[in-house]
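A.B. asks: fold the stuff below for me.
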Amino acid sequence: MPAPKERDLEQTRKDLERWLAGRLSEATDVRVGELSGPGTTGFSSDTILFDASWEEAGTRVERPLVARIEPRGFNVFPVYDIGKQFRIQRILADTPVPSAPMYWLEHDESFLGAPFYVMGRVDGRIPTDNPPYHVGGWVTEIAPDEREALWWSGLDALIEIHRLDWRRLGLDFLDRPGATPLDAHLEEYESMWAWVDGRPNPNIEAALRWLRENRPRDEEPTVVSWGDARIGNMIFDRGRCVAVLDWEMAALGSPELDLAWWLFLDRHHSEGVDAPRLPGFPSREATIERYAERTGHRPRHLDYYEVFAALRFTVIMARLARQMVYYEVLPSDSGFEVDNACSRLLARLLDLPAPGSL
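C.D. replies: A predicted model of the protein is given here:
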């Protein structure tokens, strides 16, 4: 997704070099190499990959780094708190959750035009969103047993997130105002849909009503909800998850928020694009059973949370479509805002009219 304006990569490299030299007060001869980007995943932030080196105590230090820059312009989310993401990942460093090393947070916008943080680059590969990993990219080229290992390792990393003692770790700042965590999440997406201010979509309105009327009434466990729980936000090395990325949607909530999103996003990347799941990927039933066995929590409301996952992603896709029209990636008369893989799956889940007929 294009930024509001194209970055001058050479100027950005010089700016990063100047900034890093200021951060490394004991270092000399600080150098930043050529910049690049991940290219195949994500749409909500500006990510830059680079190598840096410097002299320190008579030794040449070389380090592969990543800068995540708070987006500016026509954004996908109404709020994007880069500081919150940095804080979460710093805390995760002392837990079993596989994480990238976090180095610096910069609030001064004069360097790169927005706040940003810098973390260590972790070797490995990320399953692609474009094309969806069931359709193209490196996941289609590996053996079925590596796909199985990848899925289970990713799920085990999600389980470690849900095992976190968020009170002891000081993650209570992820709590949101609301009668319950679920109420807070529903209110967030009702507000986000109003903020999107897009084309009328009766299916989104119907789904919001259904979610309010059918929300679970019994008490649910509260865990750290990663928010964007999917293998496309993980780095893998030979089938093993070595880092969990992208914490912009993190909050407290039911563990079923993440498990449903995990299942729905995989469904989106297969059924949603009319493609079969690749051999080796474990089934929905096996995934739920492994989650229940390893956490002691047997999901009771997963169907409800899958509808919520479909609603959340449909709202996000509506905003993404408006962003693509704004940056002239799509024509102004595109129907993608209403009719896309997410909105079609949402319609199937609730037996709503096909989006193309709206």
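
A.B. asks: show me where this structure has helices.
C.D. replies: 9-23, 82-92, 144-163, 181-196, 202-213, 255-268, 284-295, 302-326, 341-350 (DSSP state H).

A.B. asks: single out the most deeply packed of those helices.
C.D. replies: helix 255-268 (a mean of 24; mean count of other CB atoms under 10 Å). For every residue, glycine as well, the C-beta is placed using N, CA and C.

A.B. asks: and the angle from that helix to helix 302-326?
C.D. replies: 60 degrees (axes from the mean of the first three to the mean of the last three CA atoms, to 10 degrees).

A.B. asks: which elements pack onto helix 255-268?
C.D. replies: helix 144-163, strand 223-225, helix 284-295, helix 302-326, helix 341-350 (3 or more CB pairs under 8 Å, 6 or more residues apart in numbering; DSSP states H and E).

A.B. asks: partner strands of the shortest one and their direction?
C.D. replies: When pairs are called by DSSP bridges, strand 223-225 turns out to pair with strand 251-253 (antiparallel).

A.B. asks: tell me the average confidence for the strand it pairs with?
C.D. replies: Strand 251-253 shows a mean pLDDT of 97.

A.B. asks: what about the strands in the stretch 1-150 of the chain?
C.D. replies: Applying DSSP state E, counting those that start in this stretch to the stretch 1-150 of the chain gives strands spanning 28-32, 46-56, 59-69, 102-106, 116-120.

A.B. asks: and the helices and strands packed on helix 255-268: which comes nearest residue 275?
C.D. replies: helix 341-350 (10.4 Å; CB to CB).

A.B. asks: what mean pLDDT does that closest one have?
C.D. replies: On average, helix 341-350 scores 97.

A.B. asks: could you give the angle of that helix to helix 255-268?
C.D. replies: Orientation of helix 341-350 against helix 255-268 (the same axes, to 10 degrees) gives an angle of 110 degrees.

A.B. asks: can we start the residue count at 496 from this point?
C.D. replies: Okay, residue one is now 496; in that scheme the one you just asked about reads as helix 836-845.

A.B. asks: now for helix 836-845, which elements pack on it?
C.D. replies: Packed next to helix 836-845, using 3+ CB pairs under 8 Å, 6+ apart, are helix 697-708, helix 750-763, helix 797-821.

A.B. asks: single out the most deeply packed of the strands of the stretch 496-645 of the chain.
C.D. replies: Mean neighbour counts for these (mean count of other CB under 10 Å) peak at strand 611-615, with a mean of 22.

A.B. asks: on that earlier part again, please render the helices of the chain as a markdown table that adds distance to residue 632 to the earlier fields.
C.D. replies: Converted to a markdown table, the helices of the chain look like this (distance: least, CB to CB, whole Å):
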| stretch | distance to residue 632 |
| --- | --- |
| helix 504-518 | 25 |
| helix 577-587 | 25 |
| helix 639-658 | 12 |
| helix 676-691 | 29 |
| helix 697-708 | 30 |
| helix 750-763 | 14 |
| helix 779-790 | 21 |
| helix 797-821 | 20 |
| helix 836-845 | 17 |
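
A.B. asks: to residue 571, which of these lies closest?
C.D. replies: It is, among the helices of the chain and with distance given as CB to CB, helix 797-821, at 5.3 Å.

A.B. asks: and the closest one, what does it pack against?
C.D. replies: helix 676-691, helix 697-708, helix 750-763, helix 836-845.

A.B. asks: go through these and name the closest to residue 802.
C.D. replies: helix 836-845 (5.3 Å).

A.B. asks: returning to what we had before: now the strands of the stretch 496-645 of the chain as CSV including distance to residue 808 and mean pLDDT?
C.D. replies: Below are the strands of the stretch 496-645 of the chain laid out as CSV (distance: least, CB to CB, whole Å; pLDDT from 0 to 100):
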stretch, distance to residue 808, mean pLDDT
strand 523-527, 36, 97
strand 541-551, 21, 94
strand 554-564, 22, 96
strand 597-601, 28, 97
strand 611-615, 26, 97
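
A.B. asks: kindly reformat the ones you listed as CSV containing distance to residue 725.
C.D. replies: CSV is the format used below for the strands of the stretch 496-645 of the chain (distance: least, CB to CB, whole Å):
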stretch, distance to residue 725
strand 523-527, 31
strand 541-551, 17
strand 554-564, 18
strand 597-601, 21
strand 611-615, 20
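
A.B. asks: may I have stretch 580-588 as CSV, with CA atoms only?
C.D. replies: Provided in CSV are the C-alpha atoms of stretch 580-588 (Å, rounded to 0.1, in the frame of the first residue of the first chain):
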residue,chain,number,x,y,z
GLN,A,580,3.4,-1.6,20.5
PHE,A,581,7.0,-1.0,21.6
ARG,A,582,6.1,-1.2,25.2
ILE,A,583,4.3,-4.6,24.7
GLN,A,584,7.2,-6.1,22.8
ARG,A,585,9.7,-4.9,25.4
ILE,A,586,7.7,-6.7,28.1
LEU,A,587,7.5,-9.9,26.0
ALA,A,588,11.3,-10.1,25.9
